[in-house]
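[1] when you get a sec, could you give me coordinates for this:
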Amino acid sequence: MATILIVDDSATMMEGHKRILEKQGHTVHSAEDGEEGVAKTLEIMPDLVLMDVVMPKMNGFQATRKITKNALTQHIPVVIVTSKDQQTDIMWGKRQGASDYLIKPADDAQLKATVERLLMAVT
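    Purely as a prediction, here's the structure:
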């Protein structure tokens, strides 16, 4: 299956998403802030990144922009998964290059469907 990087400073959210994705057969890596997320993306070159927004050091919008604007990583879909649910946040996330935007807590079926759809699009 795929290699997925989860970037989130909430251990609870990270573990929940990791459990769902590992049940689907994916290999899951994690990062606790945007800076680490960008570095790990370059290091492991995952098939997809799940990105929180509100994090220390570098927020998810900044990290998404760094990943999607870098020639080495621009092919990797980034899904923003955040509690920031305003229409302006969603529009801004997509302008940073996010392939999709899910509101926390993301429903299991919605998360699985989004991940599978985006992975099929890149293969």
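[2] what lies in contact with the helix or strand encompassing residue 89?
    Using DSSP states H and E, residue 89 sits in helix 87-95. With Cβ atoms under 8 Å, 6 or more residues apart in numbering as the test, helix 87-95 has contacts from 53, 60, 61, 64, 80, 82, 101. (Each C-beta comes from the backbone N, C-alpha and C, glycine too.)
[3] got the buried residues for that helix?
    Neighbour-count burial for helix 87-95, counted by 16 or more other Cβ atoms under 10 Å, picks out 89, 90, 92, 93.
[4] about what we covered before: kindly reformat the contacts of helix 87-95 as TSV containing neighbour count, pLDDT and secondary structure.
    Output for the contacts of helix 87-95, formatted as TSV (neighbours: other Cβ atoms under 10 Å; pLDDT from 0 to 100; DSSP: H, G, I helix; E, B strand; the rest coil):
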residue	neighbour count	pLDDT	secondary structure
53	25	96	coil
60	28	96	helix
61	22	97	helix
64	28	98	helix
80	28	97	strand
82	23	94	strand
101	21	97	strand
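[5] okay if I get those residues as CSV plus distance to residue 36?
    What follows is these, written out as CSV (distance: Cβ to Cβ, whole Å):
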residue, distance to residue 36
53, 15
60, 12
61, 16
64, 14
80, 17
82, 17
101, 21
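[6] closest one of those residues to residue 43?
    Using Cβ to Cβ, residue 64 comes nearest to residue 43 of those, at 17.2 Å.
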